[in-house]
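# Fold the following for me, if possible:
(one chain, ligands or ions: 1)
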Amino acid sequence: MSRAEMRHAFAGNPIIPGKRDKLATEALPSLLHASQEVERVKVLPLCDGKPLVAASSSSSISSPSCDGPPAARVWRLAWQALEDFGERIPLSVTSSSSGENPPQMYDQLVYLGEKERLAYFAIDVPACPAPNAEGRRPGVDGKQLRSLASMFASPSDDERVAFVDARTLMQAANWSDEEAMSELSIAGHARVMLGWHKEALYCGRCGSKTLSYLSGQRRVCSKCNNKLYPRIDPVVIMLVIDKERDCVILGRQSRFVSRMWSCLAGFMEPGESLEEAVRRETREEVGIELGDIVYHSSQPWPVGPSSMPCNLMVGFFAFATSFDIHVDHKELEDAQWHSREQVQRYLRSSDYENGTLDAASKIRYACFGDERVEAPKGTIEEKTELSSPTVPGPYAIAHHLIATWANEGVAHLISKRCLMSAVDLPI
Ligand SMILES: [Zn+2]
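Numbering: from 1, shown residues only. This next block holds a predicted model:
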């Protein structure tokens, strides 16, 4: 199986809730108070959007092999038993209760789904239980994170737990390991849901407080009954192709690490179709007009640069009908045509395996501090001295758009995918 055919990171969640899930959404309080049922509940704590994970001191981080990804599994989600929570965790700002009524735990548990009669929840563990005098919660530092993590149980004696950001978990995930990728998708889902709850505390219609509803799958206004749904922000991402000259446009944003080039991308605007967004963003960013647009795939992306982790990347191949690039420098630092040979070279020279090992080192360092492992030396981008440009790793949809074109050619792109015709679309 080529990397281009693997499932996307953060997709393929095995416990995403559906309409048929009844285990927790209808009777959570009774479920949590019935002792014989408690063992059926697993809870994942997150702090500041970072899931609690466990790493083992005994598992070695293997060297990458020539023909595949590293084999070591460095982290796993540190699910907690419900009965171990008790009074120990501080209550979240998403609590629906106030004043005399102390918040109930089930107000704060966010249902993630169920599998094999186990119900899975996430819960926000605030580093600071109360806002400061200005009404803001101060940022969380590493010491606070370590202190909070120490309140939770390790899955086994040789494992330690830590709160680790989802991007590092993504970079450290072994992308050929089904279970690891499933856990990554659950971590991403939990991050999105808890992030949304923090942003949806008040009703946009009447300004009253909102309450968690359906075990956190929705929120509802305490006064006017307005229902709030979890947020999803669609982003179009496109590889712009010149069929005649067999080259593609790759751009650089100023926030990218040095030498990194990627596909063009942008948020959809209300009232436009996906293909209209592809045309508009391409025209705005590089001044190129498009003919046919071909859908490739989509990817939940809870690790983007925006403040909300709810991006859905929708990926396209887009065929150019004009060829002079005019970069909008407010959007992009640079954008250029790159030949197939150049792009194949970027793919070959990008050191993704070492990036995975670096991220794995960071996780082990977070879990064990300076006791048993050395501090990571830095990211792959900081550490390596490659002279060649590089493109995003296999965890990103951009990689798959670029690699599919570079390795399989234009005819393949059109034959295998649904073609969105240029005919009758406004240019
Ligand atoms: Zn309201």
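
# need the longest helix for the protein.
helix 178-199 (DSSP state H).

# For that helix, give the mean pLDDT please.
What helix 178-199 shows for mean pLDDT is 94.

# Is L169 located within a helix, as I assumed?
Yes - counting by DSSP: H, G, I helix; E, B strand; the rest coil, L169 falls inside a helix.

# could you measure it against the ion, distance?
Computed as Cβ to the ion, to the nearest Å, the L169 to the ion distance reads 36 Å. For every residue, glycine as well, the C-beta is placed using N, CA and C.

# Also Q80?
34 Å.

# Report the contact partners of the residue lying closest to that residue once chain neighbours are set aside.
Excluding the flanking residues, the one nearest Q80 by Cβ to Cβ, 6 or more residues apart in numbering is V43, at 4.9 Å. Neighbour list for V43: W79, Q80, A81, L82, F85, L109, Y120, F121, A122, I123 [criterion: Cβ atoms under 8 Å, 6 or more residues apart in numbering].

# Next to the ion, which bits of this structure? Give me the list.
Along the chain, the residues adjacent to the ion under the rule Cβ under 5 Å from the ion are C203, R205, C206, S208, C221, K223, C224, N226.

# Among those residues, name the ones in strands.
Among the residues of the chain next to the ion, the members found in strands (DSSP state E) are C221.

# any chance of the residues of the chain next to the ion in JSON lines, plus pLDDT, neighbour count and distance to R146?
Formatted as JSON lines, these follow (pLDDT from 0 to 100; neighbours: other Cβ atoms under 10 Å; distance: Cβ to Cβ, whole Å):
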{"residue": "C203", "pLDDT": "97", "neighbour count": "20", "distance to R146": "37"}
{"residue": "R205", "pLDDT": "97", "neighbour count": "12", "distance to R146": "41"}
{"residue": "C206", "pLDDT": "98", "neighbour count": "12", "distance to R146": "41"}
{"residue": "S208", "pLDDT": "97", "neighbour count": "13", "distance to R146": "38"}
{"residue": "C221", "pLDDT": "96", "neighbour count": "20", "distance to R146": "38"}
{"residue": "K223", "pLDDT": "97", "neighbour count": "13", "distance to R146": "40"}
{"residue": "C224", "pLDDT": "97", "neighbour count": "11", "distance to R146": "42"}
{"residue": "N226", "pLDDT": "97", "neighbour count": "15", "distance to R146": "40"}
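
# Confirm that S306 sits in a strand.
No - assessed with three-state DSSP, S306 is coil; it does not lie in a strand.

# pretty sure G287 is touching D324, no?
Yes - applying Cβ atoms under 8 Å, one finds G287 in contact with D324, separated by 7.0 Å.

# neighbour-wise, which of the two wins?
Taking other Cβ atoms under 10 Å, G287 and D324 do not tie; G287 has more neighbours (14 against 7).

# Run through the residues that contact the more buried one.
Contacts of G287 by Cβ under 8 Å, 6+ apart are S322, D324, I325, H326, V327, D328.

# and these, which are buried?
Among the contacts of G287, those classed as buried by 16 or more other Cβ atoms under 10 Å are I325, V327.

# can I get the contacts of G287 in JSON lines with secondary structure and pLDDT?
Listed next are the contacts of G287 as JSON lines, based on DSSP: H, G, I helix; E, B strand; the rest coil; pLDDT from 0 to 100:
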{"residue": "S322", "secondary structure": "coil", "pLDDT": "95"}
{"residue": "D324", "secondary structure": "coil", "pLDDT": "96"}
{"residue": "I325", "secondary structure": "coil", "pLDDT": "97"}
{"residue": "H326", "secondary structure": "coil", "pLDDT": "96"}
{"residue": "V327", "secondary structure": "coil", "pLDDT": "95"}
{"residue": "D328", "secondary structure": "coil", "pLDDT": "94"}
